[in-house]
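> Got a sequence here, can you model it:
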Amino acid sequence: MIQSRFTRAILIAIALAAMLLAAPAMAADKVYKLKLAETWPPNFPIFGDATKNMAKMAEEMSNGRLKITIDAKNKHKAPFGVFDMVRAGQYDMGHSASYYWKGKVPNTLYFTTMPFGMIAPEQYAWFYHGGGMDLMKKVYEPYGLLSFPGGNTGNQMGGWFRKEIKSLDDLKGLKMRIPGFAGDVLAKVGAKPTNIPAGELYTALERGTIDALEWVGPSLDLRMGFHKIAPYYYTGWHEPATELQFLVNKKSWDKLPADLQEILKVAMKTAAYDMYIQSYHESAENWAKMKTEYPNIKVKTFPKEVIAALRKANDELLAERAAADPLAKEIIESQKKYQKMVRQWTNISDRAYLNSLSED
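A predicted model of the protein is given here:
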């Protein structure tokens, strides 16, 4: 009896040891499945390419251990509900734009882009070397979320207008689709901003629900057909570096092994960069096409009077936000300080180089 118990104990110990030895191999073979909700329609160019590229890289780099399925807005039916769905755990991840959540969490808007702010290389430098990622963590962590840069469009155009903007009075009462802080700025000078999902923009413009809209730039605008209704195309001021975001549910993130967390970070960062250069390339191609194939498009720059008024309104609104919220003040001051520093280099490098060229 004693021998039998002793033998049984040895066998149990051997079995436990074998299980422990096998555990790393078992963990290495386990497949982790994540679901991602995006704000965009199915197969939406450039933006949708970023999510597909990210998921493909994550699966390949993990040797199949990390699989991410993507639901476009036609599947989840809530293009502006991505924040809530990822927060609730309905989805593990999301792909959208941080400034869409300004009505829920006002401090999220600073992490997309700001009027008269940094251009894309400057803003990426701020994110990864100037404290931007830490500030973004401060904003999202209380909601059980992580946010990562998710792809940049570069400098966006100022929008499509049915009528030419000749003075500040032309903005009074203007109904315009424009999100983010720029919408607040336009409201302050008398316009009526609104936000409309991508798939509804053309119809809203065609039916006169709005008088003007901004979307992205030549990379995406031409295929949307806005020029057929609103021929005045203005250069930008409001979104000099529009960064999308990958949202991640913190509980879903914590369930991933450390190596898969690193793989996911690399996949997101690489996909974001790839989207930036793809957007730049396609804007350049479509700009050339626009000049030759769509000669009726009238490219304009806002009058100095209008830009001055918008800048004044922008500065006043930033001061109000900084005075009302310590975290907003920290973010605003961080961006302002970094932009002042980095812009000196931009001016003496890129701007000086371009100004020195004789050709257009």
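
> Please work out the average pLDDT along the helix or strand containing residue 268.
Using DSSP states H and E, residue 268 falls within helix 258-293. For helix 258-293, mean pLDDT is 97.

> Also stretch 318-326?
So the average pLDDT for stretch 318-326 ends up being 98.

> Distance from it to the middle of the chain?
The chain centre lies 23 Å from the centre of stretch 318-326; the measure is C-alpha atoms, centre = their mean, to the nearest Å.

> for it, which positions count as buried?
318, 321, 322 (16 or more other C-beta atoms under 10 Å). Every C-beta, even on glycine, is put in place using the N, C-alpha and C of the backbone.

> ok, now stretch 68-84?
In stretch 68-84, counting by 16+ other C-beta under 10 Å, buried: 68, 70, 71, 72, 73, 76, 79, 80, 81, 82, 83.

> In helices only, show me those.
Using DSSP state H, the subset of the buried residues of stretch 68-84 located in helices is 73, 76, 82, 83.

> In space, what's closest to the residue sitting nearest the centre point of the chain - neighbours in sequence excluded?
The C-alpha lying nearest the average C-alpha coordinate of the chain belongs to residue 244 (C-alpha atoms, centre = their mean; 0.9 Å). Computed as C-beta to C-beta, 6 or more residues apart in numbering, the closest residue to residue 244 that is not its neighbour in sequence is residue 150, at 3.9 Å.

> can you give me the strands in the protein?
32-38, 66-71, 93-96, 145-152, 159-161, 175-177, 192-194, 212-213, 232-234, 243-249, 298-300 (DSSP state E).

> From residue 287, how far off is residue 45?
The gap separating residue 45 from residue 287 is 16 Å, by C-beta to C-beta, to the nearest Å.

> Likewise for residue 164?
21 Å.

> next one: residue 166
Taking C-beta to C-beta, one finds residue 166 at 24 Å from residue 287.

> Equivalent analysis for residue 57, please.
For residue 57, the distance to residue 287 - C-beta to C-beta - is 29 Å.

> of those two, who's got more company?
Neighbour comparison, residue 57 and residue 287: the larger count goes to residue 57, with 21 against 15 (by other C-beta atoms under 10 Å).

> Residue 265 is in contact with the more buried one, correct?
No. With contacts counted by C-beta atoms under 8 Å, residue 57 stays clear of residue 265, the gap being 11.1 Å.

> Quick one: mean pLDDT for stretch 342-360?
91.

> do stretch 92-112 as well
97.

> Would you mind giving the domain segments of this structure?
For the chain, automatic domain parsing gives the domain ranges 30-152+239-293+326-360, 156-238+297-324.

> which residues does the residue nearest to the centre of the chain contact?
47, 50, 95-97, 112, 149-153, 272, 275 (C-beta atoms under 8 Å, 6 or more residues apart in numbering).

> cutoff 10 Å now
38-40, 46-47, 50-51, 95-98, 112, 148-153, 271-272, 275-276 (C-beta atoms under 10 Å, 6 or more residues apart in numbering).

> and these, which are buried?
Neighbour-count burial (16+ other C-beta under 10 Å) is assigned, among the contacts of residue 244, to 38-40, 46-47, 50-51, 95-98, 112, 148-153, 271-272, 275-276.
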